[in-house]
Structures are given as structure tokens and as C-alpha cells.
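J.: after the sequence you'll find the predicted model.
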Amino acid sequence: MPTLRSHLNALANDFASTVLDAIRGVSLEDLVAGAQSDAGNEQRVSKATPTSPRPRARKSGRLSRRSAEDIAEALNKVVVLVKRHKDGLRAEQIRAELRMRPNEMPRVLKEGLAKRKLRSKGQKRATTYFAK
């Protein structure tokens, strides 16, 4: 009785031989012309379809990689928000106002402090952020 592996190998060999026969039966010019028209179709499709935004988080809850521009944009939003509140805001308040995920905040706030766009006062959850 044939095993699954031997059956799959037989099917793969049949498929490969059929593809090779089809390729051998076509002229080189037809192959090149077909490849060029396929490449043109792919380019048209990729230009026509709008790029969808990256998913914010994977199933594991981990964020997808953010570019420096993404982080700078988030930092600008935080700075604008904090400037409106003279008494400053805590991280939870900033997150709630901007509807950000909790794991998005540390990188943005750290970047703001490093670039001196924000200053902080306090420790841990009592830290209040102010715009410079």
C-alpha cells in the first residue's frame, strides 16, 4: 500500500513533468512576452490598490515595528496635548486623551524627554509631563 509521502512525491513529479512539457512547447519569445505582461499587471495592481495602515498590534499584544516618523508624529501629538494643560499630564491621562495603547507610550515619552520637548516631575506612576 503506498504511503502518503510516496503518493505526494508521485503527484509532484507528474506536476513538474507537465510544467516542463508546457515550457518546452512554447517559444522563448512567448515566454519573455508573457513575463513582461505579467510584471506590468503586477505593477498596475500594486499602484491601484491603496496601502492599508499597518496593524497596530499582533495577536500576542506586541506592537508592530514603528518607524522614527511614526514615533515623531506621536510625540508631536503628545507635545501639543501637554501644552494645552499648564499643570501637566500623567502618562495615563495622555494615553486616554490620545487613545493610545499602554505599550505605545514609554517609547514616545522617553523620546520626548531625550529631545527635550518634554520635561517630567515625579516618579513612577506619579510622573507628570510638561511641555517645554
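T.: Sure thing, it's come through.

J.: how many other residues sit next to residue 28?
T.: 7 (other Cβ atoms under 10 Å). C-beta coordinates here come from the backbone N, C-alpha and C atoms, glycine included.

J.: give me phi/psi at it?
T.: Main-chain torsions, residue 28, degrees, to the nearest 10: phi -60, psi -40.

J.: now the helices for the chain?
T.: Here the chain has its helices, by DSSP state H, at 4-24, 28-48, 68-83, 91-98, 105-114.

J.: worst mean pLDDT among those?
T.: Note on these: lowest mean pLDDT is at helix 28-48, with a mean of 63.

J.: was I right about residue 71 contacting residue 109?
T.: No: if you go by Cβ atoms under 8 Å, residue 71 and residue 109 don't touch, sitting 10.6 Å apart.

J.: okay, these two: which has more neighbours?
T.: Counting neighbours by other Cβ under 10 Å for residue 71 and for residue 109 shows that residue 109 has the greater number, 20 against 16.

J.: and for residue 108, the neighbour number?
T.: Residue 108: 26 neighbours (other Cβ under 10 Å).

J.: check contacts around it.
T.: Counting by Cβ atoms under 8 Å, 6 or more residues apart in numbering, residue 108 makes contact with 71, 74, 75, 78, 100.

J.: got the residues you listed as JSON lines, with distance to residue 63 columns?
T.: Below are the contacts of residue 108 laid out as JSON lines (distance: Cβ to Cβ, whole Å):
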{"residue": "71", "distance to residue 63": "11"}
{"residue": "74", "distance to residue 63": "11"}
{"residue": "75", "distance to residue 63": "15"}
{"residue": "78", "distance to residue 63": "16"}
{"residue": "100", "distance to residue 63": "11"}
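
J.: perfect, I'm done here.
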